[in-house]
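[1] Give me the fold of what follows.
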Amino acid sequence: MPPVSSDSPATAPSISELSYEQARDELIRVVGQLEQGAETLEHSLQLWERGEALAQRCEEVLVGARSRLDAARAAKAPAGE
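    Predicted coordinates for the structure are as follows:
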C-alpha cells in the first residue's frame, strides 16, 4: 500500500479532477488514515467527508464507463436485436 499522504483534505486536489485510479488510490490512503486514527475529531471528520466524496467520484466514473460500453455495444448490434 502507498505511504499515507500527509496532505490534509483541505489542501488535496479537487476530486472532480481525479481519474478513477487517482480517486481509488487516495480513498485507500484515507481509509488507512482513518483506521490509524487522526489527531483530532475534526481531522477525522474531514477525512471521512473526503473519503465519501472520493467513493462518489469512483462510482461516477464507473457509471460513465458502463454507459459508454452500453452505447458501444448498442452501436455494434444488428438492427433486429
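[2] top helix in this protein by residue count?
    helix 41-76 (DSSP state H).
[3] Which parts of that helix count as buried, going by neighbours?
    His43, Gln46, Leu47, Arg50, Gly51, Ala53, Leu54, Arg57, Cys58, Val61 (16 or more other C-beta atoms under 10 Å). Glycine gets a C-beta too; all of them are placed from N, C-alpha and C.
[4] Relative to Arg57, how far out is the third one?
    By that I understand Leu47. 15 Å (C-beta to C-beta, to the nearest Å).
[5] any weak-confidence spans in the protein?
    In the predicted model of the chain, residues 1-12, 79-81 satisfy pLDDT under 70.
[6] how about 80 then?
    1-13, 79-81 (pLDDT under 80).
[7] so how far is stretch 56-73 off the chain centroid?
    14 Å (C-alpha atoms, centre = their mean, to the nearest Å).
[8] Alpha carbons of it, as CSV, please.
    What follows is stretch 56-73 as a C-alpha-only set of coordinates in CSV (Å, rounded to 0.1, in the frame of the first residue of the first chain):
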residue,chain,number,x,y,z
GLN,A,56,-18.7,9.0,-5.1
ARG,A,57,-16.2,10.1,-7.7
CYS,A,58,-15.2,6.4,-8.3
GLU,A,59,-18.9,5.5,-8.7
GLU,A,60,-19.4,8.3,-11.2
VAL,A,61,-16.5,7.2,-13.3
LEU,A,62,-17.7,3.6,-13.3
VAL,A,63,-21.2,4.6,-14.2
GLY,A,64,-19.9,6.7,-17.1
ALA,A,65,-17.7,3.8,-18.3
ARG,A,66,-20.7,1.5,-18.1
SER,A,67,-22.8,3.9,-20.2
ARG,A,68,-20.0,4.2,-22.8
LEU,A,69,-19.8,0.4,-23.0
ASP,A,70,-23.5,0.0,-23.4
ALA,A,71,-23.6,2.7,-26.1
ALA,A,72,-20.7,1.0,-28.0
ARG,A,73,-22.5,-2.4,-27.8
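[9] That concludes my questions; thank you for your assistance.
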